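# turn this into a structure:
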Amino acid sequence: MKCYASSLLVIAVMWIQVDAIFFSSLFPQRTRPGLCLNCQCGRSGARFKRLVGGTEVPNGFYPWLASVYVNNDTYSGALISNMHVITAASATRGVPLSDIKVGLGTGNRCTSPNSGLNTSVSAVTNAPGGEDLAVLTLSTRVNFNNRIRPVCLPPFANSAYQNQVASMVSWGLNSTNATDSPPCVPRQLLLPILPAQACYASYSGTPYTSSNANCVGVQGTPSVVCSSDAGGLVQYDNGNYYQLIGILPATNECDGSTDPAVYVRTAPLLPWLLTTTRDSCYCTAY
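I've put the predicted structure just below:
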């Protein structure tokens, strides 16, 4: 029975993104997320082809990018429903809920820090197995608009993106100096997704060991993803919409080594994600 329920949860992402009627009729109301009306996930505010040293992201380009404020530190996160943001578990682990805030819809934190939605968090749910990924439940239900809308999740639990190009986005530092202030605008970097075997073979030290982990980067070149990029988004653009394929953990170091950047994959965690966010609604991809 558990296996059957888990399979339904995995398929639910495809229902959410394709067919509202099928989704509603086949999945009991008490155990599934709902469908938000008149919204699409993963639709960028603009398109351009091109986070230490990354390209600055135009205002509103990724309307799902969240700022996660933990005491005096700032991390990144992704809005996936009208009530939930995904980030790195290491960012909030052991922190009281009163010390965690989330900002959405802010394109420039220096010139217009209060231009978007700022909300508190009512719950933090860490992923099973010690993965560096957590779901933040927002105290306020989000009303979507052109500046705030969710990203899509992968359609299947076994979705693989090896040899594709990932777009990594982060509010991380704009230099390798850990004492620098976070940048005013987010930055992005495009890097190839490595096959798992190449990922671990490229490591000089001990990698983030998990069956849910994978790597991005160019083998033999210095890493440009830092621990300050924790919670950063790893996305795949299929030409129509963006899928959130992973979250950057806090284990990446931009110390001059040639180790590729590791991310925690969201696809294998789909059953857990959908169960955890069942009190919310999702947008469709079409």
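
# tally of neighbours for residue 85?
A total of 27 residues lie near residue 85 under the criterion other CB atoms under 10 Å. C-beta here means a position set from N, CA and C on the backbone, and glycine is covered the same way.

# hmm, residue 136 and it touching each other?
Yes: proximity of residue 85 to residue 136 meets the contact threshold set by CB atoms under 8 Å, at 4.5 Å.

# so what sits against both of those two?
68, 77, 102 (CB atoms under 8 Å, 6 or more residues apart in numbering).

# list buried members of the residues you listed by neighbour count.
Neighbour counting with 16 or more other CB atoms under 10 Å marks 68, 77, 102 as buried within those.

# closest to residue 245 among those?
Nearest to residue 245, judged by CB to CB, of those is residue 77 at 15.0 Å.

# doesn't that closest one fall inside a strand?
Yes: under DSSP: H, G, I helix; E, B strand; the rest coil, residue 77 sits within a strand.

# beta partners for it?
On the basis of DSSP bridges, residue 77 takes part in beta bridges with residue 66.

# these two touch, right, it and residue 102?
Yes: under the criterion of CB under 8 Å, residue 77 is in contact with residue 102, at a separation of 6.9 Å.

# overlap of the contact sets of those two?
66-68, 85, 136.

# show me which pair in these is furthest apart.
Among the shared contacts of residue 77 and residue 102, 67 and 136 lie farthest apart (CB to CB), at 11.7 Å.

# between the two, what contacts are shared?
Shared contacts of residue 67 and residue 136, counting by CB under 8 Å, 6+ apart, come down to 77, 102.

# between those two, which one's more packed in?
Legend: neighbour count by other CB under 10 Å for residue 67 and residue 136, higher for residue 136 (27 against 24).
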